[in-house]
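**Student:** from the sequence below, what's the structure:
(one chain, ligands or ions: 1)
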Amino acid sequence: MTATLYDVAVRAGVSVSIVARVIHQSKNVEPDVQHRVQQAIEELKFRPNLFLQRKQTQQVVTIALIIPDLENPFFSKLARAVETAARQRGYTVFICVSDDRADREKIYIDTLKKNLIDGIILASNTLGPEDLYEMKINAIPLVVLDRMDHVRDHDLCTVLSNNRKGAKKAVQHLIEIGCAKIAHIAGPEAILPAKERRQAYCEMIYPHRIVTGDLTLDGGMQAIQSLLELEPEVDGIFVANDWMAIGAVKMLKHLGKRIPEDIAVCGFDGIELGEMIDPPLTTVAQPIDEMGEVAVTILIQKIEGRDFARSDTYELEGKLMIRESTTKGV
Ligand code: RIB
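**Tutor:** Residues are numbered from 1 along each chain as shown. A predicted model of the protein is given here:
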């Protein structure tokens with residue numbers, strides 16, 4: 001198999017950016033580093049491809065953010081955070097919406113590679129480990145944001161909020177306000193943040209009263225109907241995300257339920273719309289702006305040749321925002 005830029009970087013113990021500088025004979029590379037890179041190139045019989053030749057002439061530095069959905073305000077808020085942080089550092093952002101489809105994500109990634117993208121922030125979870133490894137050997141700086149299901153053992157940098165800790169804050173709040181029969185409207189198990197919130201609920205509440213939704217508004221409306229058919233005595237609900245919680249609140253009011261007197265509702269994410277509904281939604285607000293800022297900072301460090309191979313996980317903490325959907329007269 002022909003050696004890649006990444007192989008040379010790993011063999012020489014430097015970043016791909018340094019390898020590119022040596023190949024283009026940039027001035028600001030230490031002699032011993034130059035020697036190590038040249039030696040690695042010879043040992044691996046590496047031949048620079050079009051990527052490197054064109055890259056040298058490219059002026060604008062661009063990164064891409066791939067998100068699974070644009071209707072859910074969580075992702076538009078996340079995209080806003082990434083774009084703001086990147087722009088402040090002089091980077092342009094391409095935002096790609098994959099609709100949770102692996103075929104679309106692969107088309108995006110192929111197109112981005114052909115257009116010499118400098119780095120990618122992946123906030124979706126449909127690609128398999130082999131797809132991500134292929135990106136790595138093609139030396140595309142990559143940071144995984146929020147949904148890290150597929151990368152745990154593929155030593156990639158990931159940034160997310162602590163879903164288990166946040167879910168426990170939500171359930172503990174429902175317990176503290178006196179709910180005795182607490183249910184959970186879960187997200188799909190295939191999505192790690194939803195799975196971890198469900199696990200946290202199950203560790204705190206027994207018997208489990210769980211129905212699964214698809215993280216959408218309609219999914220919340222349907223899930224609450226199923227839940228009340230199964231468990232009509234429920235008096236508190238932790239919902240896996242705000243988008244479903246807003247749908248659940250609409251349906252509960254349609255069914256004549258009083259919130260929180262009959263049923264208290266707590267969401268997760270902290271989207272602005274949750275504050276606008278009646279009653280305003282109690283939620284665990286993810287640190288979305290900080291998640292975007294940290295993901296951009298790490299990606300730029302990788303692009304600029306520092307810590308290219310770093311593979312840490314950054315878990316940030318969410319904050320419980322108590323409003324009228326759980327506590328009257330807040
Ligand atoms: O609302 C969308 C959900 O999916 C969020 O909770 C976020 O964590 C994402 O994974």
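**Student:** could you verify my assumption that Glu324 touches Ala264?
**Tutor:** No. Checked against CB atoms under 8 Å, the pair Glu324 and Ala264 is beyond contact range at 9.9 Å. C-beta: built from backbone N, CA, C; applies to glycine.
**Student:** more neighbours: these two, which one.
**Tutor:** Ala264 (25 against 17; other CB atoms under 10 Å).
**Student:** please name the bridge partners of that one.
**Tutor:** Gly236 (DSSP bridges).
**Student:** and what of the one 5 residues further on?
**Tutor:** With DSSP bridges as the criterion, Asp269 is bridged to Ala285.
**Student:** neighbours around it, how many?
**Tutor:** 30.
**Student:** follow-up on the earlier one: and for Glu324 and Ala264, which residues touch both?
**Tutor:** Thr282 (CB atoms under 8 Å, 6 or more residues apart in numbering).
**Student:** which single residue of the stretch 1-150 of the chain ends up nearest the ligand?
**Tutor:** Closest contact between the stretch 1-150 of the chain and the ligand, by CB to the nearest ligand atom, is at Phe74 (3.9 Å).
**Student:** by mean pLDDT, flag the weakest helix or strand of this structure.
**Tutor:** helix 50-57 (a mean of 55; mean pLDDT, DSSP states H and E).
**Student:** what does the stretch 101-250 of the chain have sitting close to the ligand?
**Tutor:** Within the stretch 101-250 of the chain, the positions adjacent to the ligand are 146-147, 191, 193, 215, 241, 243 by CB under 6 Å from any ligand atom.
**Student:** sort out which of those are in helices and list them.
**Tutor:** Among those, the ones falling in helices (DSSP state H) are 193, 243.
**Student:** quick check: which of the residues of the stretch 101-250 of the chain next to the ligand has the minimum pLDDT.
**Tutor:** Within the set of those, pLDDT is lowest for Arg147 (88).
**Student:** can you report how many residues neighbour the closest residue to that residue other than its chain neighbours?
**Tutor:** Leaving aside its sequence neighbours, Arg147 sits nearest to Asn125 (CB to CB, 6 or more residues apart in numbering; 3.8 Å). For Asn125, the neighbour count with other CB under 10 Å is 21.
**Student:** try Glu261
**Tutor:** Neighbours of Glu261 (other CB under 10 Å): 9.
**Student:** what is the neighbour count of the nearest residue to it once chain neighbours are set aside?
**Tutor:** Closest residue to Glu261 apart from its sequence neighbours, by CB to CB, 6+ apart: Lys328 at 7.4 Å. Neighbour count for Lys328, taken as other CB under 10 Å: 13.
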